[in-house]
Each structure stands twice: as C-alpha cells, then as structure tokens.
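Q: model the structure of this input:
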Amino acid sequence: MEIKYRYLLTTTVAIAIAGLSACNTPTPPTTPIPTQTPPESPTAPPSPTPTPNTPTTEPTPPTDDSQGEKKTVKAVIYTIDNECQDFVPEEVTVSAKEPVQDAVGKVIAKTETGDFRIAGYRVSISNGVATIDLRIPPESQRQIASLSSCENNALFGSLRRTLTANSQWNIKDVRFTEKGEEVIF
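A: Down below sits the predicted model:
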C-alpha cells in the first residue's frame, strides 16, 4: 500500500511541476533603437483631469537601485484587461535618464504574442507629440495590418495611454510609424 501512495505522490508532484513550468514561457527581449529626443517646448501644459481608472502620479525623485549604478523613477504603464475593454494601471520603475523609452519597452514586452513580435522601436518627442517608430521583423508571422481591433487596442492604446497619462512627460498626443511610414488604423 505504501508503494502505491509513494508512486501516486511522486506522479502528482511531477505533473504539478510540469504544469507550472509551462506557464513560464519567456518572451524574447525587445531592444530600443537609440535616438536623440529634441528638447520640448518650455510652455507648461494644462493639468489633465484624472479619470476613475487613471491614478495620478507625481514625478518621483530619482533613486539609486540596489547596486547604486542607475537612477530610476516611478511611472505608471497601462495594459488592456482580459476583456479588451479597459486599461489596467501598473506602477513600474523606469530609467531616470530615458523614462519614456523604458516605459514604451515595458508596455511592448507585455503586449507581444508568439506570432507577432516587435524587433525594436524609437521614441522621439517634439512639442508634446511623441512618435513611436516600430520595427517588425520580416520573418514575423504577422504584421501590424493583421492585428485584430483588440490587439490594436492592446498595443497602440496601451502605449498612447501610458505616455499621455504620465503628466511628468508633458506628452499630449502619440503618433505611430513603422520604418518611418505612418501607421493607419
């Protein structure tokens, strides 16, 4: 009887471990393409009115990370919920030197799927308008035009909401391009 119990316990543990390890599929890293951001205009934008689902964030002073090498600040990124209806805020730590670039990378990493991948991106900001230039690898099974409306909202809506909701960045609008050509929705 003890042999059957030991066999049953070993089998159950093995199945549980296999099931948990299948949930942890790594996502290939997305690397930003370095770019220079032109200085923003010196005029102060009007304060946005927070919506019920938009947490207000004050700019946080840069802090040292655990190794004391990089300065970081807090920001809020937004991703779409499971019903593709609303954006879910998440407070994250981003580089103090390039917070917008870092936040864009974090949103992209959360929205990529196995058959749609972004190989790189550039972010430039001019007069309160951010332009995100995306690079889709040629071997990608899907291109931007093949995204469903939910997938479009998950990627482009999340990026737009993230950049415009973080008032410390003074971004009022977001444009999207692919290899310099405007993305048409």
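
Q: helix or strand with the lowest mean pLDDT in the chain?
A: Every helix and strand of the chain was ranked by mean pLDDT, DSSP states H and E. The lowest is helix 2-22, at a mean of 45.

Q: how many neighbours does Gln168 have?
A: 14 (other CB atoms under 10 Å). Just so you know, the C-beta spots here come from the backbone N, C-alpha and C atoms, and that holds for glycine as well.

Q: what comes up buried for the strand or helix carrying Glu90?
A: In this assignment (DSSP states H and E), Glu90 forms part of strand 87-95. Within strand 87-95, the residues that qualify as buried are 87, 89, 92-95, counting by 16 or more other CB atoms under 10 Å.

Q: tell me where this structure has helices.
A: Residue ranges of the helices in the chain, as given by DSSP state H, are 2-22, 99-111, 149-152, 158-165.

Q: pull the CA atoms of the last one into CSV?
A: Extracted in CSV, the C-alpha atoms of helix 158-165 (Å, rounded to 0.1, in the frame of the first residue of the first chain):
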residue,chain,number,x,y,z
SER,A,158,-1.7,50.9,-24.1
LEU,A,159,1.2,52.9,-25.5
ARG,A,160,-0.9,56.0,-26.0
ARG,A,161,-2.5,55.8,-22.6
THR,A,162,0.9,55.2,-20.9
LEU,A,163,2.6,58.2,-22.5
THR,A,164,-0.3,60.7,-22.1
ALA,A,165,-1.3,59.7,-18.6
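
Q: tell me the angle of that helix relative to helix 99-111?
A: Calculated by axes from the mean of the first three to the mean of the last three CA atoms, to 10 degrees, helix 158-165 forms an angle of 150 degrees with helix 99-111.

Q: alright, I will stop here.
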